[in-house]
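Undergrad: sharing a sequence plus its predicted fold:
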Amino acid sequence: MLTPTGLLLVTRALEFLLAISLGLQTLEFLRLSEATSAHGLWVWSVQRRDIPQAWLRPCLDALMRPSTYKTLLWLRLVAALCLGLWGGSLALVLFLFAGTVLILIRWRGAFNGGSDFMTLVVLTGLLIAYVGGEFVNPALAWRAGLWYITLQAVTSYFMSGWVKMLRPEWRSGAAMTIFLNAAIYGPLSPKHWLRQPGLACFGAWSFMLWEATFPLALMHPLWALLYCSIAAVFHLLVFWFFGLNRFFWAWLATFPAIVGCSVLWI
């Protein structure tokens with residue numbers, strides 16, 4: 001069982017890692033302020049047309065005004081800093097959750113795909129913990145929040161692995177070479193080891209089996225640490241080759257929940 005001290009360590013680690021993820025995301029959005037201005041590339045007057053509810057558009061117009069939107073981002077950065085340094089509260093998590101939803105609306109539902117989804121998952125887990133703590137035992141509410149995050153994260157790896165296994169280009173290893181040839185550093189060198197079919201196939205199967213068997217991480221804390229360590233290396237490689245830094249931090253924020261739930265399981 002997870003002791004009260006262990007639960008506190010898990011929750012603080014989760015909030016600290018999420019704060020880093022939210023902070024980096026917010027700094028990126030602030031750097032795009034010029035592009036989201038009235039004369040920018042992603043102007044709200046065009047994107048607002050995707051909002052089907054006419055009554056909602058005036059409300060969002062006020063919130064998405066460049067100056068208001070930038071203020072929201074600065075407040076989000078401060079809130080992320082508070083979350084990392086002092087931990088969360090119901091009001092703080094509600095603000096971060098609502099602000100994240102507004103930002104997703106600003107970007108037509110997603111700015112960076114899966115990392116946006118996982119960020120919202122972790123915030124939802126925190127919301128479950130803090131809202132639930134107002135009505136039931138806080139420890140029980142935190143366990144519910146941690147399990148929500150864990151099931152979403154574990155399922156994301158599990159589904160990704162099995163979907164790859166259904167594709168012949170992944171089973172043969174060709175997909176790894178194809179993807180890495182399109183990486184930010186350009187095509188692989190002619191002598192790169194991943195251009196050898198046998199090694200590419202071994203690499204592809206290694207990652208597919210790790211993803212497809214990820215639910216085993218919940219069987220024991222040591223297994224959870226092993227699977228999460230491999231995941232950290234995997235996301236770091238994705239960051240290195242494809243520049244997807246948000247994925248690294250978004251999924252890293254879920255690891256304390258996975259390790260914590262593996263302790264609850266035994």
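TA: Okay, I see it.
Undergrad: C-alpha only now, for contacts and for neighbours.
TA: Will do.
Undergrad: the nearest residue to residue 219 once chain neighbours are set aside - how many residues pack around it?
TA: Leaving aside its chain neighbours, residue 219 sits nearest to residue 262 (6.0 Å; criterion: C-alpha to C-alpha, 6 or more residues apart in numbering). Residues lying near residue 262 (other C-alpha atoms under 10 Å) number 24.
Undergrad: which stretches of the stretch 151-266 of the chain form helices?
TA: Applying DSSP state H, counting those that start in this stretch to the stretch 151-266 of the chain gives helices spanning 168-171, 174-181, 197-212, 221-242, 245-252, 255-265.
Undergrad: will you turn the ones you listed into TSV that also has distance to residue 87?
TA: Formatted as TSV, the helices of the stretch 151-266 of the chain follow (distance: least, C-alpha to C-alpha, whole Å):
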stretch	distance to residue 87
helix 168-171	42
helix 174-181	39
helix 197-212	31
helix 221-242	23
helix 245-252	17
helix 255-265	15
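Undergrad: relative to residue 140, which of the ones you listed is closest?
TA: Nearest to residue 140, of all the helices of the stretch 151-266 of the chain, is helix 255-265, at 11.4 Å by C-alpha to C-alpha.
Undergrad: what residues are up against the nearest residue to residue 170 once chain neighbours are set aside?
TA: Spatial nearest neighbour of residue 170, excluding adjacent residues (C-alpha to C-alpha, 6+ apart): residue 164 at 5.8 Å. Counting by C-alpha atoms under 8 Å, 6 or more residues apart in numbering, residue 164 touches 170, 171, 208.
Undergrad: what about the residue nearest to the last one when sequence neighbours are not counted, distance to residue 225?
TA: So the one you mean is residue 208. Among residues not flanking residue 208 along the chain, residue 161 sits closest, at 4.7 Å (C-alpha to C-alpha, 6+ apart). Residue 161 is 19 Å from residue 225, where distance means C-alpha to C-alpha, to the nearest Å.
Undergrad: also residue 196?
TA: For residue 196 relative to residue 225 (C-alpha to C-alpha), the value is 31 Å.
Undergrad: those two: who's more crowded?
TA: Counted by other C-alpha under 10 Å, residue 196 and residue 225 do not tie: residue 225 has more neighbours, with 18 against 14.
Undergrad: ok, that one touching residue 259?
TA: Yes: with contact defined as C-alpha atoms under 8 Å, residue 225 reaches residue 259; the gap is 6.5 Å.
Undergrad: quick one: which helix or strand includes residue 67?
TA: In this structure, residue 67 sits in helix 66-86 according to DSSP states H and E.
Undergrad: return the most buried member of the helices of the stretch 151-266 of the chain.
TA: helix 255-265 (a mean of 24; mean count of other C-alpha atoms under 10 Å).
Undergrad: just how off-centre is it within its chain?
TA: Centroid displacement of helix 255-265 relative to its chain, using C-alpha atoms, centre = their mean, to the nearest Å, is 17 Å.
Undergrad: so what's residue 254 up against?
TA: Counting by C-alpha under 8 Å, 6+ apart, residue 254 touches 14, 122, 149, 150, 153.
Undergrad: and residue 183, by the same measure?
TA: With C-alpha under 8 Å, 6+ apart, residue 183 has these contacts: 241, 242.
Undergrad: also the one 3 residues further on?
TA: Shown here is residue 186, whose contacts under the criterion C-alpha under 8 Å, 6+ apart are residue 180.
Undergrad: mind redoing it with 6 Å?
TA: If you count contacts by C-alpha atoms under 6 Å, 6 or more residues apart in numbering, residue 186 has none.
Undergrad: re the thing from before, buried ones in the helix holding residue 67?
TA: Going by neighbour count (16 or more other C-alpha atoms under 10 Å), the buried part of helix 66-86 is 66, 69-70, 72-77, 79-84.
Undergrad: next secondary structure after that helix?
TA: The first helix or strand that comes after helix 66-86 along the chain, using DSSP H and E, is helix 90-106.
Undergrad: what does the following helix or strand past that following helix rub up against?
TA: As assigned by DSSP H and E, the chain's next helix or strand after helix 90-106 is helix 114-132. Under the criterion C-alpha under 6 Å, 6+ apart, residues 90, 97, 141, 142, 145, 148, 149, 246, 247, 250 lie in contact with helix 114-132.
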